[in-house]
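1. pasting the sequence and the predicted coordinates here, then a few questions.
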Amino acid sequence: MRSVAVVGGGPAGAMAAEGLARRGFQVTLVDENMAWEKPCGGGVTQKAYLRYPFLAQVPTSHAAVCHCQLRADDAKPYRLQLQHPVLIYARKDLNQLLLDRAAAAGAQLEALRISALERTSTGWLLHRKGASLCADFVVTATGARNPLREYGAQWTSKNAMLAIGYYLPLRTAQLDIQFYSWLQGYLWVFPRGNHVSVGICGKGANQSAMRAALERYLDERGIPWKEGRFYAHLIPALEPEDWPRNRVAGDGWLAVGDAAGLVDPLTGEGIYYAMRSGELAAECLSVHASGAAQAEIPTAYQQALQQDFTAELAIAAKLARVFYLGDTGLGTAPRRMIQLARYNGHIRQLLQDLVSGAQDYSGLRARVSGSLHARVLATLTRYLRSSYARLEGLGADAAAVSGTTLPSSTP
Ligand SMILES: Cc1cc2nc3c(=O)[nH]c(=O)nc-3n(C[C@H](O)[C@H](O)[C@H](O)COP(=O)(O)OP(=O)(O)OC[C@H]3O[C@@H](n4cnc5c(N)ncnc54)[C@H](O)[C@@H]3O)c2cc1C
């Protein structure tokens, strides 16, 4: 195998093209839009820029945000000072950065739309308006609305979050996240260089209820949105039972990023997994490029993904519903964490790790329940002790004024 066609030039396709070109493949990347403002928050976590340090090294292309205002229903907001900033990219800039790297590595970029793929005895024909392209192997990186349905994840509406939002020509330095007890998802306000991306994503929720919640949120904070550009899009969020049978590769092709359903079903983070799957795809193709080894590509790629992150994302899929909607009488997990963060350093650290991507999902359930039970008890005890001490102080003051004494007791 010598020539590879990569269809789609988002983070997944650009990374795959770069990795393949660096390994000496003849790579053609095609995208109908090339660098464009794909509907997205553009949030890049510490997990992503630790693995890909170049993401943090072009300071003009992103905003590094150090504060996050967390809200849940009517709970008092909590302002989290981030230990590791979140980088917020305009997607046009991020895509351009990654496409430039692919081109510098030797990939040929072509701005066109592929309408269909056809398997031939020697490889592939990629159909487009006018002529066709030929390639030995195809990587589909066509995103969540993959028009080449036969070559990627076979997901249905139950495997997706709906995301709607606005780009607003405003400036702010703070990142806002709002949770609702009725929504398996969240609302965000992400500051970017010269504008703000606001949106709301959720699974199984009604689109008009989500839109009304978003517009109410903006109205209540006096954020003008009526002149903003509206968008609606999908975020893959596979159900737990769909991860083991997720179709990511087949004879002569493999899929990367959203086209393969590779998004964190709890947070909706997809940029990191798009980039990582593109990188893993390139590694896998180079190891299995010749002769009979090519037949092993689907299994090898599936295993590489499983070892790297899909096992974790399958756990996230199991946690998502209970995390957002589960209520043990004291509110949902986000609400309780936000309420307790101001009193409890463990909860604050847990929130830091969730935002930065440092918290793995295999340990999350134990950490959340440990924090929200043992630690809640410790926090409540401390809170009650200090309230009691205040009351005793007040009692002493009152006694000094009235001449009476409150009964003494031990906390
Ligand atoms: C509203 C919203 C907010 C999000 N916020 C975040 C966030 O803050 N952080 C985060 O990590 N993730 C976020 N995500 C997820 C993230 O946007 C995706 O996971 C990521 O873009 C996936 O990258 P990709 O390369 O797989 O696909 P895309 O970025 O979708 O790229 C696909 C490319 O394929 C091209 N294409 C499609 N069909 C064809 C065709 N037939 N011929 C030629 N070209 C074609 C398109 O033009 C496009 O450029 C968000 C998603 C949404 C919808």
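-> Cool, the structure landed. Numbers count the residues shown, from 1 in each chain.

2. stretch 259-268 near the ligand anywhere?
-> Yes. Using Cβ under 6 Å from any ligand atom, we find that stretch 259-268 touches the ligand at Ala259, Val263, Gly268. Every C-beta, even on glycine, is put in place using the N, C-alpha and C of the backbone.

3. pLDDT of that stretch, averaged?
-> Stretch 259-268 shows a mean pLDDT of 97.

4. what about that stretch, distance to the chain center?
-> Here stretch 259-268 shows a centroid-to-chain-centroid distance of 7 Å under the convention Cα atoms, centre = their mean, to the nearest Å.

5. cool, and stretch 47-61?
-> The chain centroid and the centroid of stretch 47-61 are separated by 16 Å under Cα atoms, centre = their mean.

6. okay, buried residues for that stretch please.
-> Under the neighbour-count criterion of 16 or more other Cβ atoms under 10 Å, stretch 47-61 has Lys47, Ala48, Tyr49, Tyr52, Leu55, Ala56, Ser61 buried.

7. among those residues, which ones are in helices?
-> Lys47, Ala48, Tyr49 (DSSP state H).

8. next, format those residues as CSV and append pLDDT and distance to Glu110.
-> Converted to CSV, these look like this (pLDDT from 0 to 100; distance: Cβ to Cβ, whole Å):
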residue, pLDDT, distance to Glu110
Lys47, 95, 32
Ala48, 96, 27
Tyr49, 96, 29
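
9. now, which of those sits nearest the ligand?
-> Nearest to the ligand out of those is Ala48 (Cβ to the nearest ligand atom; 7.3 Å).

10. before we move on, back to that, and the buried residues of stretch 47-61 as JSON lines, adding distance to Ala160?
-> Converted to JSON lines, the buried residues of stretch 47-61 look like this (distance: Cβ to Cβ, whole Å):
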{"residue": "Lys47", "distance to Ala160": "23"}
{"residue": "Ala48", "distance to Ala160": "22"}
{"residue": "Tyr49", "distance to Ala160": "27"}
{"residue": "Tyr52", "distance to Ala160": "26"}
{"residue": "Leu55", "distance to Ala160": "26"}
{"residue": "Ala56", "distance to Ala160": "30"}
{"residue": "Ser61", "distance to Ala160": "29"}
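
11. among these, which one lies nearest to Arg119?
-> When the buried residues of stretch 47-61 are ranked by distance to Arg119 (Cβ to Cβ), Tyr52 comes first, at 33.4 Å.

12. interface residues of the stretch 251-400 of the chain facing the ligand?
-> Within the stretch 251-400 of the chain, the positions near the ligand by Cβ under 6 Å from any ligand atom are Gly257, Asp258, Ala259, Val263, Gly268, Glu269, Gly270, Ile271, Tyr272, Ala274.

13. and the residue nearest to the first one when sequence neighbours are not counted, what does it touch?
-> Taking Cβ to Cβ, 6 or more residues apart in numbering as the measure, Gly257 lies nearest to Ala12, with 2.6 Å between them; neighbours along the chain are not counted. Remark: with contacts taken as Cβ atoms under 8 Å, 6 or more residues apart in numbering, Ala12 is in contact with Ala141, Val256, Gly257, Asp258, Ala259, Leu262, Ala274, Met275, Ser277, Gly278.

14. among these, which ones are in helices?
-> Among these, the ones falling in helices (DSSP H) are Ala274, Met275, Ser277, Gly278.

15. pretty sure the second one contacts Ala48?
-> Think Met275. Yes. Counting by Cβ atoms under 8 Å, Met275 does reach Ala48; the two are 7.0 Å apart.
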